[in-house]
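S.K.: Whatever this is, show me its structure:
(one chain, ligands or ions: 2)
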Amino acid sequence: MEKDYRWTTFTHVFENGSVCALYNSLKLKPIFVESEMVEVIKRFGNGATLSEIITDTSPEQGNKLERLLPALDDAKILVDAEGTDDEIIQFFRDHHTGHPYVSIAYFILTDACNFGCKYCFVESRMPKGYRFRMMSTETVEKGLDFFCRLIRLKPEFFEEEKTIVIYGGEPLMNNDAFISLLKGIQERKQDGRLPKKTEISMVTNAALVTSETARLLADHKVNVAVSIDGDEAATNSARQYKDGKLVFADVVHGFNILREAGTNVGVSCTLSQRSVDDFDSTMETILERLKVDSLGFNIVLSGNDYEVSGDYDEKAARAIIKAFETFRKRNVFEDRIMRKVDSFVKSELYAFDCGAAGGGQIVIAPDGQVGICHGYLGSRKHFATTIDDATFNPQNDSVFMEWSRRSPLNMDICRECPALGICGGGCPLNADFEEGSIWGLDKRFCTHCKTTLDWLIWDLYNQMTTKTSSVTEKTTP
Ligand code: SF4
Ligand code: SF4
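M.R.: Numbers count the residues shown, from 1 in each chain. Ligands and ions are numbered 1, 2, ... in the order given. Reported below is the predicted structural model:
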């Protein structure tokens with residue numbers, strides 16, 4: 001019996017001259033067809049059956065449609081006429097959201113910083129008179145035990161990779177806690193309280209790095225990300241010491257000490273206005289001067305006095321794509337775009353763009369309070385408990401349960417967006433600042449996502465057409 005199909009609202013059309021890409025935002029597999037075929041295929045949306053469409057169309061188009069049908073079915077460009085789009089989205093919501101399990105722990109060794117960067121999203125949100133603190137070694141120990149208990153709440157996930165992030169403020173301002181944390185992680189890995197696959201990361205401005213700290217970081221195989229925004233002018237344009245002194249020379253000095261000690265060191269590059277305005281120089285610094293093989297770009301968040309131009313969002317999105325085109329030829333790993341590329345290439349839905357969304361991370365403040373996102377250190381909004389709480393379970397906690405659902409899959413405003421399946425929803429903190437709720441849109445991030453998706457689709461098409469001669473009826477492998 002002939003199967004009945006229908007056009008779904010999750011299918012989107014991307015036009016490019018005589019070729020169109022049809023793309024289901026939840027299936028993530030583009031199908032390339034001649035533009036003239038789009039209206040024929042869309043007739044399934046008006047309730048027409050295959051035989052009716054074939055009868056009404058030219059023999060040539062009818063043949064093409066029949067040939068295309070298996071691919072359109074496989075990529076869910078057309079779906080079973082029986083079900084509804086509400087049922088489809090509900091399936092993805094149930095499967096991907098609402099199941100918090102903590103696998104990342106941020107240790108805020110101090111919330112103080114020796115720098116006063118203009119775009120800092122942590123310090124800019126701290127209320128007047130905020131009292132900065134140092135984490136004690138006792139809090140480090142208790143925090144580690146707290147994390148060890150949480151990762152056993154779902155024993156089936158215990159052996160999966162865990163990440164401990166050494167973070168601040170500037171974490172190297174608290175040397176005692178830094179040493180104690182590295183020691184505590186090592187002990188717990190050895191006696192099985194932490195899984196073997198426990199990665200350690202640190203984000204630092206590198207100005208306080210010494211040979212001693214670099215050696216420790218190398219010995220403990222810590223993945224270090226040094227914040228550098230491009231060349232001297234770009235980095236100094238937004239990053240500075242508290243007293244306004246320039247930072248670039250000290251940062252690069254620290255970076256070089258880390259490199260010489262054999263530390264696994266990369267760059268965290270916040271795309272300041274200057275970084276994107278002079279992006280060739282930003283790239284030159286990253287690739288030729290620092291010679292890094294892993295980095296992450298950050299788009300500037302709102303909620304501070306740092307001003308960007310009206311076309312910043314578009315420029316930042318294009319810069320990240322431009323960088324990726326170079327990086328993939330040179331085996332350089334850039335985290336922000338790779339999340340999207342991975343999702344697209346594997347046709348795997350990407351529900352959350354950070355550990356907080358999804359309810360997958362804890363943030364341990366210097367005083368032992370436990371929250372979900374370090375951006376709220378100042379206000380302690382979305383902080384749920386403390387490290388002394390021996391019964392805390394994210395699955396019974398309203399903060400973690402809410403964040404575990406904070407995905408575009410659960411946001412009506414995202415439902416008809418083509419980037420729905422590769423987006424992850426950006427930064428809920430930024431959305432909260434912009435729109436008063438973590439359920440709002442992180443609009444700057446939307447530009448990055450939609451621009452990247454468009455590029456991914458046509459980049460795939462270009463790769464396919466350079467490998468084969470025909471330009472029509474291309475389907476993903
Ligand atoms: S909400 Fe997520 S992306 Fe935004 S600051 Fe917090 S952890 Fe980072
Ligand atoms: S957050 Fe923006 S880009 Fe992402 S799905 Fe929603 S509307 Fe689209």
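
S.K.: only C-alpha atoms for contact and neighbour calcs from this point on.
M.R.: OK.

S.K.: Run a quick neighbour tally on the residue in the stretch 201-350 of the chain that ligand 1 sits nearest to.
M.R.: As assessed by C-alpha to the nearest ligand atom, ligand 1 sits closest to Leu301 within the stretch 201-350 of the chain, at 8.5 Å. Other residues near Leu301 number 20, with proximity taken as other C-alpha atoms under 10 Å.

S.K.: helix, strand or coil for it?
M.R.: Local secondary structure at Leu301 is given as coil here, using DSSP: H, G, I helix; E, B strand; the rest coil.

S.K.: In contact with it, which residues?
M.R.: Tyr119, Phe121, Asn430 (C-alpha atoms under 8 Å, 6 or more residues apart in numbering).

S.K.: Ramachandran coordinates for Phe14?
M.R.: phi -110, psi 120 (degrees, to the nearest 10).

S.K.: mind checking how far it is from Asn24?
M.R.: Distance of Phe14 to Asn24, given as C-alpha to C-alpha, to the nearest Å: 11 Å.

S.K.: can you check Pro195 too?
M.R.: 38 Å.

S.K.: Between those two, tell me which one has more neighbours.
M.R.: Asn24 (26 against 18).

S.K.: and the closest residue to the more buried one other than its chain neighbours, how many neighbours?
M.R.: Nearest residue to Asn24, sequence neighbours excluded (C-alpha to C-alpha, 6 or more residues apart in numbering): Thr11, at 4.1 Å. Thr11 has 23 neighbours, counted by other C-alpha under 10 Å.

S.K.: mind checking the backbone torsions on Thr11?
M.R.: phi -90, psi 130.

S.K.: List the residues that contact it.
M.R.: Leu22, Tyr23, Asn24, Ser25, Lys76, Ile77, Leu78, Pro418.

S.K.: before we move on, what about Leu144?
M.R.: So Leu144 contacts Gly184, Ile185 (C-alpha under 8 Å, 6+ apart).

S.K.: Quick check: the gap between Asp145 and ligand 2.
M.R.: 35 Å (C-alpha to the nearest ligand atom, to the nearest Å).

S.K.: next structured bit after the helix or strand containing that residue?
M.R.: Using DSSP states H and E, Asp145 maps to helix 137-150. Downstream of helix 137-150, the first helix or strand assigned by DSSP H and E is strand 162-167.

S.K.: Could you check that following strand against ligand 1 for contacts?
M.R.: No: judged by C-alpha under 6 Å from any ligand atom, strand 162-167 stays clear of ligand 1, getting no closer than 11.6 Å.

S.K.: what angle do that strand and helix 137-150 make?
M.R.: 150 degrees (axes from the mean of the first three to the mean of the last three C-alpha atoms, to 10 degrees).

S.K.: now what about strand 162-167, what contacts it?
M.R.: 103-110, 178, 195, 197-204.

S.K.: rerun at 6 Å
M.R.: Ser103, Ile104, Ala105, Tyr106, Phe107, Ile108, Thr198, Glu199, Ile200, Ser201, Met202, Val203 (C-alpha atoms under 6 Å, 6 or more residues apart in numbering).

S.K.: The fifth one: what secondary structure?
M.R.: So the one you mean is Phe107. From three-state DSSP, the assignment for Phe107 is strand.

S.K.: Please list all residues in contact with it.
M.R.: By C-alpha under 6 Å, 6+ apart, the neighbours of Phe107 are Ile166, Tyr167, Ile364.

S.K.: Apply 10 Å and report the result again.
M.R.: Going by C-alpha atoms under 10 Å, 6 or more residues apart in numbering, Phe107 touches 135, 139-140, 143-144, 164-168, 171, 177-178, 181, 202, 362-366, 368, 370, 374.

S.K.: Start from the N-terminal end of the stretch 351-477 of the chain and give the helices.
M.R.: Assigned by DSSP state H, counting those that start in this stretch, the helices in the stretch 351-477 of the chain fall at 398-404, 420-423, 428-435, 443-467.

S.K.: right, so the ones you listed: which one is the most enclosed?
M.R.: Of all the helices of the stretch 351-477 of the chain, helix 420-423 has the most neighbours on average by mean count of other C-alpha atoms under 10 Å, namely a mean of 28.

S.K.: Tell me which other helices or strands that one touches.
M.R.: helix 335-346, helix 443-467 (3 or more C-alpha pairs under 10 Å, 6 or more residues apart in numbering; DSSP states H and E).

S.K.: again, 7 Å this time
M.R.: helix 335-346 (3 or more C-alpha pairs under 7 Å, 6 or more residues apart in numbering; DSSP states H and E).

S.K.: What confidence value was assigned to Gly129?
M.R.: pLDDT, Gly129: 89.

S.K.: Tell me the secondary structure at it.
M.R.: Relying on three-state DSSP, one would call Gly129 coil.

S.K.: how about the residue of the stretch 101-250 of the chain found nearest ligand 1, what does it touch?
M.R.: Here the stretch 101-250 of the chain gets closest to ligand 1 at one residue, Phe121, 7.6 Å apart by C-alpha to the nearest ligand atom. Contact analysis of Phe121 by C-alpha atoms under 7 Å, 6 or more residues apart in numbering lists Leu301, Gly303, Asn304, Gly375.

S.K.: Relative to ligand 2, how far out is the first one?
M.R.: To tie it back to what came earlier, the one meant is Leu301. Counting by C-alpha to the nearest ligand atom, the gap from Leu301 to ligand 2 is 15 Å.

S.K.: repeat for the third one
M.R.: In this structure, Asn304 and ligand 2 are separated by 21 Å, where distance is defined by C-alpha to the nearest ligand atom.

S.K.: That residue belongs to a strand?
M.R.: No: applying three-state DSSP, one finds Asn304 to be coil, outside a strand.

S.K.: What backbone torsions are found at the most centrally placed residue in the chain?
M.R.: By C-alpha atoms, centre = their mean, the chain has its centre lying nearest to Asp353, at 3.7 Å. Per-residue torsions, Asp353: phi -100, psi 0 (degrees, to the nearest 10).

S.K.: In space, what's closest to it - neighbours in sequence excluded?
M.R.: Using C-alpha to C-alpha, 6+ apart, the closest residue to Asp353 is Gly424 (4.3 Å).
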